[in-house]
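>>> Kindly generate the corresponding structure for this input.
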Amino acid sequence: MANPRLKKLIEYLYPYRLTVWQGVGALLIVNLLSVWIPLLIKDAINHLKAGFNYTDIVNLAILTIVLASIVWAVRMISRLLIFGIGRRVQADLKQRIFEHVSNLDGAYFSTTTVGDLINRSTSDVENIMRLMGFSLLSIFNIIFAYAFTLPAMLSISLRLTVLALAIYPVMLITVQLFSGRLREEQVEVQEKLSDLSELIQEDMSGITLIKIYAQEENERQAFAKLNAQVFDANLRLAQSRNTVFPIIQGLASISLLVLLWQGSKAITSGEIQVGDFLTMIIYAQNLIFPTALLGFTITAFQRGEVSIDRVESIIAAKSQIFDTSHSIDSGKVVGKITAQNLSFTYQGAEQPALRNVNFVINPGERIAIVGPIGSGKSTLVNCIPRLLNVKAGQLFVDNTDVTALTLESLRRSITFVPQESFLFSTTIANNIRYGDPLADDIQVVTAAKQSQIHPEVMNFPRQYETLVGERGITLSGGQRQRTSIARALLVDAQILILDDALSSVDNQTAATILQNLAAGTQRKTVLFVSHQLSAAALADRILVMDKGEIVQTGSHSELINQPGLYQWLWSQNQLEEMLS
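Presented below is the predicted three-dimensional model:
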């Protein structure tokens with residue numbers, strides 16, 4: 001195994017080093033007893049020439065049974081210990097991957113597919129589990145078997161030992177010749193599995209779209225093609241394995257045949273006794289299994305090597321947005337937001353998405369952000385909770401630079417409803433209380449009433465206990481958006497951001513929701529991106545964006561009377577409403 005992988009292997013095992021040594025100690029006992037029992041049998045058979053003693057034979061049989069039972073029990077203990085380590089490493093890695101991935105920023109997921117992540121977190125972690133369990137057990141077993149059995153064989157007959165083991169170097173050469181091929185084929189299998197997992201995930205998420213466009217047959221063909229590639233890759237791997245393993249087993253059988261041939265001659269010539277010969281056969285048999293198992297161990301190692309690289313590539317990914325040792329807690333924010341020459345350029349883009357944006361939003365204000373598609377509206381609101389990596393000195397909450405605040409405290413102060421209203425596969429009530437799992441039913445209903453989803457929920461057979469299905473598929477687009485808004489309203493955060501979260505809601509309902517946000521003595525600071533200018537007109541102030549810049553700002557009554565982009569957008573909006 002390459003040095004970096006060996007370091008990772010030791011790192012995985014280090015928390016369980018005591019259990020490893022306990023398992024290794026149990027294997028040591030097993031192999032010592034496995035050498036001692038044949039020596040007892042050898043001495044007993046050799047002493048039969050001096051005279052047959054029934055009592056001695058019975059005592060030997062009882063002792064052998066007791067020792068064999070101890071070997072069985074201790075071997076089981078060693079397997080439970082070492083295989084248990086593999087399972088613990090598997091659980092640790094899955095937890096570590098999940099925690100790491102959940103802390104990565106959005107830029108990582110724009111270049112990494114969900115299907116590939118799932119495959120690496122399951123199939124590859126399982127391969128590492130086998131490396132930690134089966135391979136670790138096999139390696140120590142092979143080392144102890146040779147370390148104890150070989151000297152015992154040499155003490156009986158140097159010539160027979162050399163003849164019996166002469167074929168073993170050929171086994172190792174065979175394994176070495178096939179190891180590179182097995183590794184390459186294993187890499188191909190894992191990559192094809194990732195492609196297949198990705199297709200399944202995409203098709204299941206987009207099943208409605210597939211049915212709308214009647215693309216079931218095309219997707220079946222695409223799946224069949226990828227499935228065939230996975231089958232072919234597995235078949236090639238199986239062919240290689242089924243070539244190398246019988247070769248190893250055949251070479252081991254040749255070793256036993258050589259021992260039978262030369263051992264019988266040695267008995268005839270008086271070089272060894274019958275007991276010595278039988279013991280040599282037992283020892284050779286004891287070595288055949290670990291040696292033949294070497295092929296399986298090598299395969300597990302090849303899989304483990306590939307999977308360690310694939311898993312570590314996830315863990316090695318670094319988030320561009322993170323806390324520093326100087327980050328501070330925001331505390332209870334008032335809700336003031338300030339931008340000073342805020343600029344942002346997406347990675348790989350030639351033109352900036354935001355150009356020198358400046359504004360001050362006072363606590364409790366309702367701010368609408370409008371403008372043509374691609375004008376930078378969503379980019380702007382994504383910068384505030386640092387979903388995008390903004391530079392220091394450009395964006396402030398309560399006069400504190402957002403880059404100086406801990407991510408947890410900043411995002412605790414902000415509730416954000418994105419364009420795509422994601423709901424979990426649970427009840428409506430649990431979706432609404434997601435941000436505050438301890439919220440009671442009264443709080444859930446209050447938030448639902450504010451978002452105007454309550455009357456429709458009450459018409460469902462199970463009301464708030466209605467299951468919404470994956471991604472809220474059983475609800476309409478407007479219902480999903482209003483449920484997401486209710487979820488945001490339930491959280492005690494002073495800043496609320498709606499990123500085009502009213503796009504599937506009619507104008508009257510949108511207006512009612514915005515009026516509800518203005519009610520009460522403790523008003524939240526609200527920023528909402530909207531293409532519905534009739535809803536934007538209700539805002540205290542409107543920011544008009546174009547090509548990444550704020551080109552106009554003011555109330556609806558002010559902007560409607562000023563020549564400019566907003567006046568043109570309003571006239572287009574009125575025309576569309578007349579035509580509809």
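>>> What's the separation between the most centrally placed residue in the chain and Asn127?
For the chain, the residue nearest the mean C-alpha position is Ser121 (3.5 Å; Cα atoms, centre = their mean). Using Cβ to Cβ, to the nearest Å, we find Ser121 at a distance of 12 Å from Asn127. C-beta here means a position set from N, CA and C on the backbone, and glycine is covered the same way.
>>> same deal with Leu380?
44 Å.
>>> Of these two, give the one with the bigger neighbour count.
Neighbours per residue (other Cβ atoms under 10 Å) separate Leu380 from Asn127, with Leu380 holding more: 28 against 24.
>>> part of a strand, is the more buried one?
No. The assignment for Leu380, made by DSSP: H, G, I helix; E, B strand; the rest coil, is helix rather than a strand.
>>> pretty sure it is touching Glu549, no?
No. Between Leu380 and Glu549 there is no contact under Cβ atoms under 8 Å: 10.5 Å.
>>> Now do the shared contacts for the two.
Leu354, Val357 (Cβ atoms under 8 Å, 6 or more residues apart in numbering).
>>> Report the residue spans of the stretch 351-500 of the chain with pLDDT below the cut-off.
In the predicted model of the stretch 351-500 of the chain, residues 469-473 satisfy pLDDT under 70.
>>> so where do the helices sit in it?
Taking DSSP state H, counting those that start in this stretch as the test, the helices found in the stretch 351-500 of the chain are 377-383, 407-412, 428-432, 441-450, 454-458, 477-490.
>>> what's the answer for the stretch 151-300 of the chain, then?
Using DSSP H, counting those that start in this stretch, the helices found in the stretch 151-300 of the chain span residues 158-165, 168-205, 207-212, 216-269, 274-315.
>>> Please name whichever of these is nearest to Gly115.
With Cβ to Cβ as the criterion, Gly115 lies closest to helix 168-205 of the helices of the stretch 151-300 of the chain, at 2.8 Å.
>>> What residues of that closest one count as buried?
Under the neighbour-count criterion of 16 or more other Cβ atoms under 10 Å, helix 168-205 has 168, 171, 174-175, 178-179, 182-183, 185-199, 201-203 buried.
>>> Next: stretch 529-543.
Under 16+ other Cβ under 10 Å, the buried positions of stretch 529-543 are 529-543.
>>> again, but for stretch 379-391
Neighbour-count burial for stretch 379-391 flags Thr379, Leu380, Val381, Asn382, Cys383, Ile384, Pro385, Arg386, Leu387, Leu388, Asn389, Val390 (criterion: 16+ other Cβ under 10 Å).
>>> Quick check: the fourth one touching Val529?
No. Using Cβ under 8 Å, Asn382 and Val529 do not qualify as a contacting pair, with a distance of 10.1 Å.
>>> what residues are shared contacts of the two?
Asp499.
>>> With only the CA atoms kept, save stretch 222-238 in CSV.
What follows is stretch 222-238, C-alpha atoms only, in CSV (Å, rounded to 0.1, in the frame of the first residue of the first chain):
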residue,chain,number,x,y,z
ALA,A,222,-29.8,5.3,-20.7
PHE,A,223,-30.1,3.2,-17.5
ALA,A,224,-29.7,0.0,-19.5
LYS,A,225,-26.5,1.4,-21.1
LEU,A,226,-25.0,2.4,-17.8
ASN,A,227,-26.2,-0.8,-16.1
ALA,A,228,-24.5,-2.8,-18.9
GLN,A,229,-21.3,-0.9,-18.3
VAL,A,230,-21.4,-1.7,-14.6
PHE,A,231,-22.1,-5.3,-15.5
ASP,A,232,-19.2,-5.5,-17.9
ALA,A,233,-16.8,-3.8,-15.5
ASN,A,234,-17.8,-6.2,-12.7
LEU,A,235,-17.5,-9.1,-15.1
ARG,A,236,-14.0,-8.2,-16.1
LEU,A,237,-13.0,-7.9,-12.4
ALA,A,238,-14.6,-11.2,-11.7
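>>> And the average pLDDT for that stretch is what?
Confidence for stretch 222-238, expressed as mean pLDDT, is 85.
>>> quick one: that stretch to chain centroid distance?
23 Å (Cα atoms, centre = their mean, to the nearest Å).
>>> Other residues contacting that stretch?
Contacts to stretch 222-238, defined as Cβ under 8 Å, 6+ apart, come from residues Leu182, Glu185, Gln186, Glu188, Val189, Lys192, Leu193, Asp195, Leu196, Leu199, Ile200, Asp203.
>>> Show me which of these is closest to Pro4.
Gln186 (17.8 Å).
>>> Just list the residues touching that closest one, thanks.
Leu237, Thr299, Gln302, Arg303, Val306.
>>> Lowest pLDDT pick from these?
Within the set of the contacts of Gln186, pLDDT is lowest for Thr299 (69).
>>> just to revisit the earlier point, of the buried residues of stretch 529-543, closest to Phe422?
For the buried residues of stretch 529-543, the nearest to Phe422 is Val529 (17.1 Å; Cβ to Cβ).
>>> wait, isn't that closest one in contact with Ser378?
Yes. Counting by Cβ under 8 Å, Ser378 is a contact partner of Val529 at 6.2 Å.
>>> Now the common contact residues for the two.
Contacts common to Val529 and Ser378, judged by Cβ under 8 Å, 6+ apart, are Asp499, Asp500.
>>> do you know how far the nearest residue to Ser330 once chain neighbours are set aside is from Ile328?
Nearest residue to Ser330, sequence neighbours excluded (Cβ to Cβ, 6 or more residues apart in numbering): Ser409, at 4.1 Å. The gap separating Ser409 from Ile328 is 8 Å, by Cβ to Cβ.
>>> neighbour-wise, which of these two wins?
Set side by side, Ser409 and Ile328 show more neighbours around Ser409, with 17 against 12, by other Cβ under 10 Å.
>>> got a list of what Ser307 touches?
Arg120, Ser123, Asp124, Val125, Asn127, Ile128, Leu131, Gln190.
>>> shouldn't the fourth one be in contact with Asp92?
When you say that, I think you mean Val125. No. Between Val125 and Asp92 there is no contact under Cβ under 8 Å: 9.5 Å.
>>> higher neighbour count, these two?
Val125 (21 against 14).
>>> In three-state terms, label that one for me.
helix.
>>> And the strands in the stretch 451-580 of the chain?
Counting by DSSP state E, counting those that start in this stretch, the stretch 451-580 of the chain has strands at residues 495-499, 525-529, 541-546, 549-554.
>>> With distance to His100 added, can I get those in TSV?
TSV is the format used below for the strands of the stretch 451-580 of the chain (distance: least, Cβ to Cβ, whole Å):
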stretch	distance to His100
strand 495-499	26
strand 525-529	31
strand 541-546	35
strand 549-554	37
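>>> With respect to Thr345, which of those strands lies nearest?
Per Cβ to Cβ, nearest to Thr345 of the strands of the stretch 451-580 of the chain: strand 549-554, 13.7 Å.
>>> And for that closest one, what's in contact with it?
Contacts of strand 549-554 (Cβ under 8 Å, 6+ apart): 354-359, 376, 541-545, 559, 562, 564-566.
>>> and that strand, how far from the chain's centre?
A distance of 43 Å separates the centroid of the chain from that of strand 549-554, by Cα atoms, centre = their mean.
>>> Give me the buried positions along that strand.
Going by 16+ other Cβ under 10 Å, strand 549-554 has these buried residues: Glu549, Ile550, Gln552, Thr553, Gly554.
>>> Check stretch 563-580 too.
For stretch 563-580, burial by neighbour count (16+ other Cβ under 10 Å) applies to Leu565, Tyr566, Leu569, Trp570, Asn573.
>>> Give me the lowest-pLDDT entry from those residues.
Asn573 (72).
>>> Where does the record place the domain boundaries for the chain?
According to automatic domain parsing, the chain comprises the domains 3-315, 326-413+496-572, 420-492.
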